[in-house]
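K.L.:
sequence and predicted structure, then a few things I'm wondering about:
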Amino acid sequence: MKFYVSSAFLNSREIIEIAKAADELGYDGIGIPDHVVNLETLETPYPYTKDGQRRWQPFTDWLDPWVLAGALAQVTTRLRFVTTVYIPAMRNPYLAAKAIGTAAVLAAGRIELGIGVGWCREEFALMGEQFDARGKRTDEMIELMKALWSPGWTEFDGEFYSAPRLEMQPTPPPIPIYVGGLSDAALRRAARNDGWIGDLINTERTLEAVGKLRELRRENGLTMHDFTILTPLTDAFTTADYRRVEEAGVSGIITMPWMFYSGPDATLDDKIDGMQRFRKDLGLGA
């Protein structure tokens, strides 16, 4: 079982020290969330809380994930960096491919692209991108970005995007793509790619999603052998809890270890201490 430390809602001044500590303590990666802006008022309800309210307060730091990953790669040696999750359809595909590919080069292949189709209509509008058909555009963007990340000349002719003969350098190392979401469309998209990345959900919902993914992979003639499943869990706290989901096919957990010991008001020292205690309590070696 792999353990990734979430950087969601952290003060930006803490993130480099958290990453360095995670690297030294033996964690496997850092989760990096994504929003370009935080609009004061929204008509679109936030889909991941019961009351539709956002989980974060105004003026929470949202660093650009690819600038951050490139920076963190310079102060770590083994940590991987996964977006939780990045919204390609809200961007120009060429600029997105360039930023992601650059981060992958700077991180020497330690980038994992977690994507979603997005939920905030107003943020799409502000970025000048169409909210409707964002799922189909996401699928096509994945194809286009993979072509742009391949060596040599490439051309592309899709429904939404087209490219004349061109090349984009430098060619990055392989970038696995994990898809977030619990809808049938999201799980089908994940099953076609390299993995699934979950949100804050409980064990039973996770196991249900794993079962559906296994079935979808089988329908596509694929196995779960090289398929990654990363998720936070709201009700897993012990070695036995994590062993249960690992045996079901979950590859890794995204967590904020300090929340178990110091809560949301933890200082930087509390956070690092919590990261140490978490690994010790689970019997994980450094």
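P.N.:
Structure's in. What do you need?

K.L.:
am I right that Leu113 sits in a strand?
P.N.:
Yes. The assignment for Leu113 is a strand, going by DSSP: H, G, I helix; E, B strand; the rest coil.

K.L.:
where along the stretch 101-250 of the chain do the helices fall?
P.N.:
Shown for the stretch 101-250 of the chain, the helices assigned by DSSP state H, counting those that start in this stretch span residues 121-126, 134-148, 184-192, 203-219, 239-248.

K.L.:
then the second one to PDB, C-alphas only?
P.N.:
Yep, that's helix 134-148 we're talking about. Listed in PDB are the C-alpha atoms of helix 134-148, where the atom choice follows Å, rounded to 0.1, in the frame of the first residue of the first chain:
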ATOM      1  CA  ARG A 134     -16.600  18.700 -21.400                       C
ATOM      2  CA  GLY A 135     -16.400  15.000 -21.000                       C
ATOM      3  CA  LYS A 136     -16.000  14.400 -24.800                       C
ATOM      4  CA  ARG A 137     -13.500  17.200 -25.000                       C
ATOM      5  CA  THR A 138     -11.600  15.700 -22.100                       C
ATOM      6  CA  ASP A 139     -11.300  12.300 -23.900                       C
ATOM      7  CA  GLU A 140     -10.100  14.100 -27.000                       C
ATOM      8  CA  MET A 141      -7.600  16.200 -25.000                       C
ATOM      9  CA  ILE A 142      -6.100  13.000 -23.500                       C
ATOM     10  CA  GLU A 143      -5.500  11.700 -27.100                       C
ATOM     11  CA  LEU A 144      -4.100  15.000 -28.300                       C
ATOM     12  CA  MET A 145      -1.800  15.400 -25.200                       C
ATOM     13  CA  LYS A 146      -0.500  11.900 -25.600                       C
ATOM     14  CA  ALA A 147       0.300  12.700 -29.200                       C
ATOM     15  CA  LEU A 148       2.100  15.900 -28.200                       C
END
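
K.L.:
which residues are contacting it?
P.N.:
Taking Cβ atoms under 8 Å, 6 or more residues apart in numbering as the criterion, the residues outside helix 134-148 that touch it are 88-89, 93-94, 96-98, 100-101, 115, 117-118, 124, 130, 154, 156, 158-161, 163, 168, 177, 185, 189, 193. From N, CA and C alone the C-beta is placed, and that goes for glycine too.
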